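Asks: sharing a model that was predicted from the sequence below.
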Amino acid sequence: MKRIVITGAESTGKSTLAMALSDYYAEPCSGEFVRSYVDSHQRELNQSDLEPIATGQLALEDAGLGQAQRLIFHDTNILSSIIYAQVYFDTAIDWVNDRFLERDYTLYLLCMPDIPWQADEGQRESPAARDDLHQRFKHQLEQRRLPYVEIHGSKQARISQATRAIAAIL
């Protein structure tokens with residue numbers, strides 16, 4: 001099973017790309033748990049939310065595996081929880097880091113912040129935060145020596161780049 005993670009900072013087209021690839025390959029896509037968590041709690045997140053978010057993200061990732069034939073697309077993964085815990089709360093949760101290291105993600109598609117930033121109340125910070133977060137995602141991928149391809153440009157260009165990267169691992 002090939003696990004493809006669409007990752008990157010906020011408002012970089014991850015969800016759009018994840019759904020397009022899921023449709024193109026007729027394979028499942030796991031969502032971003034924090035989005036539904038924020039919507040259901042209707043308040044600003046705090047440090048006590050980190051573990052439930054990580055647990056929910058892992059559960060979403062695993063739920064899609066049973067439906068997959070060759071591929072599963074993850075509209076972000078637990079690496080996001082690790083990065084955001086550090087950025088917003090200057091903390092790390094050991095079991096989350098351990099679980100991340102146990103998982104085998106085949107390829108990361110790092111969405112570049114080269115599309116217009118769109119506000120999403122309660123979900124996104126700002127265009128300036130997006131640029132900083134992008135650097136953090138890229139640093140983590142490089143530091144951990146995770147296989148990734150940078151995805152940029154228009155929606156069609158992104159889909160084309162992603163399908164070429166996926167073809168190289170199939």
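Replies: It's in.
Asks: can you give me the strands for this protein?
Replies: 2-7, 29-30, 71-75, 107-111, 148-151 (DSSP state E).
Asks: which outside residues touch the shortest one?
Replies: Contact with strand 29-30 is made by 18, 19, 21, 22, 60, 61, 63, 64, 72, 73, 74, 75, as judged by Cβ atoms under 8 Å, 6 or more residues apart in numbering. Quick note: C-beta positions are derived from backbone N, CA and C, even for glycine.
Asks: now the helices for this protein?
Replies: For the chain, applying DSSP state H gives helices covering 14-25, 33-41, 50-65, 78-89, 94-102, 127-143, 155-167.
Asks: would you turn those helices into CSV with mean pLDDT, mean neighbour count and distance to residue 108?
Replies: Supplementary listing: the helices of the chain in CSV, determined by pLDDT from 0 to 100; neighbours: other Cβ atoms under 10 Å; distance: least, Cβ to Cβ, whole Å:
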stretch, mean pLDDT, mean neighbour count, distance to residue 108
helix 14-25, 97, 19, 11
helix 33-41, 89, 15, 18
helix 50-65, 93, 17, 14
helix 78-89, 92, 19, 8
helix 94-102, 92, 12, 12
helix 127-143, 91, 15, 6
helix 155-167, 97, 15, 10
